[in-house]
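Asker: after the sequence you'll find the predicted model.
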Amino acid sequence: MCDCIVATAPETRDGIALFGKNSDRHERECQPFLQSPGSHHAPGSSVACTHVEIPQVAETYAVMGHSPWWVWGFEHGVNEHAVAIGNETVFSKEPLEERPGLIGMDLVRLGLERGRSAREALEVMATLLETHGQGGPAFKPGGGGYHNGFLIADPDEAWVLQTSNRRWAARRVRRDGISNHISLGSDWEIGSRDLEAFARSLGWWSQGGRLDVAAAYRSPHVAGRLSEGRLRRSRALLERGSGQLDVATMQSILRDHGEGGPVRLPGSTVEDEAYYTLCMHSEPAGTTTASMVAPLAADRRGPWPVWISFATPCTSVFLPVYLDGVIPAELASGGAEPDASSAWWAFKELQETAAIDFPQHTPRLREAWKGLEARVETERVQVEAAAARARRGGATHEATRLLTEFMARSWREAIAQARELASELDG
C-alpha cells in the first residue's frame, strides 16, 4: 500500500511544483535513505537490480531516495534534474508474470537515474517495462510481487503511469493523487500499443469508444475499501488547499488520519474503509515506513531541500536533505533487525512506543517536535544562503561542506530526541 500526491506549480502558494509520498510496507521493514552520485559507464556494462541484471546506459544521474533494506530500487526519490517518482501497488485482472523481472521500486530508481524530465523518465520506465516485465517478490520475507502505478513529476508537469505486466497507460495531471488501484479511465493520453487489443481479446473490454483502463483492467477481487477512501481523501485535501499548497500542507496530508488529523483514532476494524488512512497503521495491509515531500523548483542554482521522515510521519519529524551534500551515515543504515546506528530504527521504536496510546501520545510528540523544527528551519535558511554565496563565488566544495554538516547536526539531534521521547513515553 502507498499514497502519492502532486501539485504542479500553478496549484501551489509559491509557484513551485510539490510532490509527496507515503511508503507503506510491512511495519518492521527498515527503509533507509540512500544517495547515489551521477556516473558514466563503460559500453557493455550492466546494472544488477533486485532480481535481474539489465544493460546499463552511458550516463546515470545523481539520485536519492528511500529504499527497503533488501531492495536495489527506491520506493520514492528525486534526481539532480528535480524529477520525483513514487510507486504504488495496483491490482490487475492479469496474473503477474511468474519469471523475475523489474519490480516497481527498480523502475522508480531507473527512471530517476535515466530521466532528465518527467516525460523522459516515463518513456524510460515504459520501455524497460515492455522489455523486462515486472515480476519477482517485492516484499520480504516470503511476499509476492505486484503490478505498479507511478506518479512522476518535474518542475513543469506531472504524469500518472499505471501498468498491468508489460502493458501501461499514462496521462498528465495538475493536482492529483494515486493509491492502490488502477484509477485511469478513458482519459489516458498515451499507452502501450496492445493496451486495448489485449483487453478486448480477453473480453475485458467490448464496448465502443475509447478504452476505460480501470474498467477493463482493475481486479474486482480486491476490496475497494483498501484504497478508494484514501484516494478520495488525498484529492479532497489537495483541492481544499489549491492555490495555497506548500511543503507544510503536503506534510499534513501525509500525516492525515481523517477525523483525527495527525492522530490515529481507535475504533475502526479491517472491514471499515476508515481503517485505511493516508498515514497508515493498517496491518495486515501495511504501515507507513517512510515519507518524502519534494518541492521541484525550476531554478536549482541554490541549495535544493527535500524533506523526508522515517516510520509513520504522525509520530516522526520531517527534516531536509540535499543532493548537493553528503547524506549522514545514520540515514543510510539499517537492516532486518533493530540497529542502534540507524535513524529508521530510532523513529520506528518511537512509533511503536507511541502506539500504546496514540490519542494520548501523538499530540505530545507533535508538540515536542516543534522546537527542533523551528531551530532547523531557522538554521536552514541561514545555511542555504551561505551555501548559495559560496557556490556563486566558485567555492562548490565549501557549499557541499556547509550542507553536509547541517544535515549531520540536524539529523543527529533528531535521532537523539526520538530516543529520549521513546524513553519518556515508555516511562
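Answerer: Alright, I've got the coordinates.
Asker: alpha carbons only for contacts and neighbour counts from here, please
Answerer: Fine.
Asker: which SS class is Thr288?
Answerer: strand (DSSP: H, G, I helix; E, B strand; the rest coil).
Asker: ok, the residue nearest to it when sequence neighbours are not counted - contacts?
Answerer: Once flanking residues are discounted, Thr288 sits nearest to Asp24: 4.1 Å by Cα to Cα, 6 or more residues apart in numbering. For Asp24, the contacting residues are 1-3, 280, 286-290, by Cα atoms under 8 Å, 6 or more residues apart in numbering.
Asker: in terms of pLDDT, where does Asp24 sit?
Answerer: The model reports Asp24 with a pLDDT of 96.
Asker: state the helix or strand in which it lies.
Answerer: strand 17-25 (DSSP states H and E).
Asker: that older thread, any idea how far the residue nearest to Thr288 is from Leu202?
Answerer: 32 Å (Cα to Cα, to the nearest Å).
Asker: got it, and Asn165?
Answerer: Asn165 is 15 Å from Leu202, by Cα to Cα.
Asker: looking at the two, which has the bigger crowd around it?
Answerer: Asn165 (21 against 11; other Cα atoms under 10 Å).
Asker: wait, the more buried one touches Gly133, no?
Answerer: Yes - taking contacts as Cα atoms under 8 Å, Asn165 lies within contact range of Gly133: 6.1 Å.
Asker: shared neighbours, those two?
Answerer: With Cα under 8 Å, 6+ apart as the test, Asn165 and Gly133 both reach Glu97.
Asker: Gly136 touches Arg99, doesn't it?
Answerer: Yes - Gly136 is in contact with Arg99 according to Cα under 8 Å; the separation is 6.7 Å.
Asker: compare these two (neighbour count), which wins?
Answerer: Gly136 (21 against 11).
Asker: just the pLDDT for the more buried one.
Answerer: 91.
Asker: name the nearest residue to it, ignoring sequence neighbours.
Answerer: Pro100 is the one closest to Gly136 (Cα to Cα, 6+ apart), at 4.5 Å.
Asker: just give me the neighbour total for Pro100.
Answerer: With other Cα under 10 Å as criterion, Pro100 counts 16.
Asker: helix or strand for it, which one?
Answerer: Pro100 belongs to no helix or strand, assigned by DSSP H and E.
Asker: neighbours around Leu323, how many?
Answerer: Neighbours of Leu323 using other Cα under 10 Å come to 22.
Asker: go ahead and confirm it touches Tyr61.
Answerer: No - in this structure, Leu323 is not within contact of Tyr61 by Cα under 8 Å, at 10.9 Å.
Asker: what is in contact with those two at once?
Answerer: The contact sets of Leu323 and Tyr61 overlap at 79-80 (Cα under 8 Å, 6+ apart).
Asker: give me the buried entries from the contacts of Asp24.
Answerer: Buried residues within the contacts of Asp24, defined by neighbour count using 16 or more other Cα atoms under 10 Å: 1-3, 280, 286-290.
Asker: can I get stretch 284-303 in PDB? Just the C-alpha atoms.
Answerer: Output of stretch 284-303 as PDB, limited to C-alpha atoms (Å, rounded to 0.1, in the frame of the first residue of the first chain):
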ATOM      1  CA  PRO A 284      -2.100  -6.600   7.700                       C
ATOM      2  CA  ALA A 285      -2.400  -4.200   4.700                       C
ATOM      3  CA  GLY A 286       0.600  -2.100   5.700                       C
ATOM      4  CA  THR A 287       2.100   0.600   7.800                       C
ATOM      5  CA  THR A 288       3.800   3.800   6.600                       C
ATOM      6  CA  THR A 289       7.500   3.300   6.900                       C
ATOM      7  CA  ALA A 290       8.900   6.300   5.200                       C
ATOM      8  CA  SER A 291       7.700   9.600   3.700                       C
ATOM      9  CA  MET A 292       9.000  12.400   1.400                       C
ATOM     10  CA  VAL A 293       7.900  15.900   0.300                       C
ATOM     11  CA  ALA A 294       9.900  17.400  -2.500                       C
ATOM     12  CA  PRO A 295       9.500  21.000  -3.900                       C
ATOM     13  CA  LEU A 296      10.600  20.800  -7.500                       C
ATOM     14  CA  ALA A 297      12.000  24.200  -8.300                       C
ATOM     15  CA  ALA A 298      12.900  25.100 -11.900                       C
ATOM     16  CA  ASP A 299      15.800  27.200 -10.700                       C
ATOM     17  CA  ARG A 300      18.200  25.000  -8.700                       C
ATOM     18  CA  ARG A 301      21.300  27.200  -8.700                       C
ATOM     19  CA  GLY A 302      21.000  27.400  -4.900                       C
ATOM     20  CA  PRO A 303      20.700  24.600  -2.400                       C
END
